[in-house]
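K.L.:
got a sequence here, can you build the structure:
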Amino acid sequence: MEKIHINLGKDSYDIVIDSGLIRRAGDAISSLTGAHDAAIITEDGIDRLYGMDLVKSLESAGIRTQMIVVPSSEKSRSLSIVNRVYGALVDFGLPSDGVLIALGGRVVGDITGFVAATYHRGIAYIQFPTSVLSQIGSAIGGKITLDITAGKNLVGTFYQPRAVYIDPGMAKTLPRKYLHNGMGEAVKLGCVCDKELFELFEKANSDMDLLRVLPEIIRRCCTIKAHYVEIDPTGKKERRLLDFGHTIGGAIERCCRYDDKTITHGEATAIGMYLVTKRAELLGLTTRGTTSRLEYVLKSLSLPTETHIAPEILAADMARSKHVKEGKLQLALMKEIGQGFLKEVTVEELAKYVK
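P.N.:
Numbering: from 1, shown residues only. Just a heads-up that it's a prediction; the model follows:
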């Protein structure tokens, strides 16, 4: 078992990494929260894979439990689904000293976090991420966003969980595409923060190799994320370094209307990382040869390095980013593998990175 502590004063919590956690979680959650009532929010498919194991573990610990299943879709990150969850919690009779448990990926984590922050003016919740992408990223840090009719990610808050429980074995049930989707996020963290993490991907020759070292990949990623959450809880300063590849990747996702069937978050981030590094290397901001190393790793994970979206369309989208202030933004770049930095660029300069 690995424990990584995130020191946030009264909002401090642990990330616990261990195989088979789902079947032992009940006693841990009971001890941590003192709750006698729990509601699990999960998604289609995950409920059948892991839901009943978690229910049995909680009930064995004397916790009255209800499972609420939401559609497995990006569209579920909405106020209408949140309202349905509120209704289910009222019907169940979850009290203010009860606990919510997010069992799923990023969508379930956001829904659960938002409900926890607002139901009874705030109750305890646990993150139990089931995808690699959420295990090393979205489940950590308390950042919660929802979509509304006017646009994506426009409603949200920061609300820290009481704990994050990660079972690396869950990755074995992921489709190959979504395993690689999460690995792309891990590559990103290796690029800007951890050379040895990046080299794990260079040395791997197959998915089996990656699964063997997955606990180490997750540990390293969580350690990085925990550090930046501690020093920049709301993601306004140093934590922006972890947006490496996201500036262009986010524009690609928006142009594709966040359709996972067209492009996943990890795929869009991979393209963003490659394009921004290629340009930075040409400008002498990044050590020569870095782009080719990154390209090798991304292609070994079957992740793309280019997009068919016209550069002028991407540039126009990036210019409207919420991170642009007075025509400038902080762009995350690599000096070399494992060493990232932030560079302030104008919107006009940013457009050059997508050509």
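K.L.:
how about the residue of the chain positioned farthest from its centre, what does it touch?
P.N.:
Outermost residue of the chain with respect to the C-alpha centroid, by C-alpha atoms, centre = their mean, is residue 62; its distance is 31.4 Å. Counting by C-beta atoms under 8 Å, 6 or more residues apart in numbering, residue 62 touches 30, 36. C-beta: built from backbone N, CA, C; applies to glycine.
K.L.:
next one: it from residue 162, what distance?
P.N.:
In this structure, residue 62 and residue 162 are separated by 18 Å, where distance is defined by C-beta to C-beta, to the nearest Å.
K.L.:
cool, and residue 340?
P.N.:
The spacing between residue 340 and residue 162, counted by C-beta to C-beta, is 31 Å.
K.L.:
now swap in residue 200 and tell me
P.N.:
30 Å.
K.L.:
same question, residue 68
P.N.:
If you measure residue 68 against residue 162 using C-beta to C-beta, the figure is 19 Å.
K.L.:
rewinding a little: surely the residue farthest from the centre of the chain is in a helix?
P.N.:
No - when DSSP: H, G, I helix; E, B strand; the rest coil is applied, residue 62 is found to be coil, with no helix at that position.
K.L.:
show the backbone phi and psi for it.
P.N.:
The phi and psi torsions at residue 62 (degrees, to the nearest 10) take the values phi 80, psi 20.
K.L.:
ok, residue 163 next?
P.N.:
Taking degrees, to the nearest 10, you get phi -170, psi 160 for the backbone angles of residue 163.
K.L.:
that one: how many residues sit nearby?
P.N.:
22 (other C-beta atoms under 10 Å).
K.L.:
in the sheet, who's paired with it?
P.N.:
With beta bridges defined as DSSP bridges, residue 163 has these partners: residue 14, residue 126.
K.L.:
OK, contacts around it?
P.N.:
Residues touching residue 163, when contacts are defined by C-beta under 8 Å, 6+ apart, comprise 13-16, 28-29, 32, 126-127.
K.L.:
now residue 222
P.N.:
By C-beta under 8 Å, 6+ apart, residue 222 lies in contact with 4, 15, 17, 135-136, 140, 164, 166.
K.L.:
most surrounded residue in those residues?
P.N.:
Neighbours here are counted as other C-beta under 10 Å. On that basis the top member of these is residue 135, with 31 neighbours.
K.L.:
can you report phi and psi for it?
P.N.:
For residue 135, the backbone dihedrals (degrees, to the nearest 10) come out as phi -60, psi -40.
K.L.:
so what's it up against?
P.N.:
Applying C-beta under 8 Å, 6+ apart, the residues contacting residue 135 are 129, 166, 168, 170-171, 182, 218, 221-222.
K.L.:
repeat that with 6 Å
P.N.:
129, 166, 218 (C-beta atoms under 6 Å, 6 or more residues apart in numbering).
K.L.:
could you dump the residues you listed into CSV with secondary structure and distance to residue 207 added?
P.N.:
Shown next, in CSV, are these (DSSP: H, G, I helix; E, B strand; the rest coil; distance: C-beta to C-beta, whole Å):
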residue, secondary structure, distance to residue 207
129, strand, 20
166, strand, 19
218, helix, 15
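K.L.:
nearest to residue 153, of the residues you listed?
P.N.:
When the contacts of residue 135 are ranked by distance to residue 153 (C-beta to C-beta), residue 129 comes first, at 18.7 Å.
K.L.:
roughly how far does the residue nearest to that closest one when sequence neighbours are not counted sit from residue 128?
P.N.:
Beyond its immediate neighbours in the sequence, the residue positioned closest to residue 129 (C-beta to C-beta, 6 or more residues apart in numbering) is residue 139, lying 4.0 Å away. Between residue 139 and residue 128 the distance is 8 Å, computed by C-beta to C-beta.
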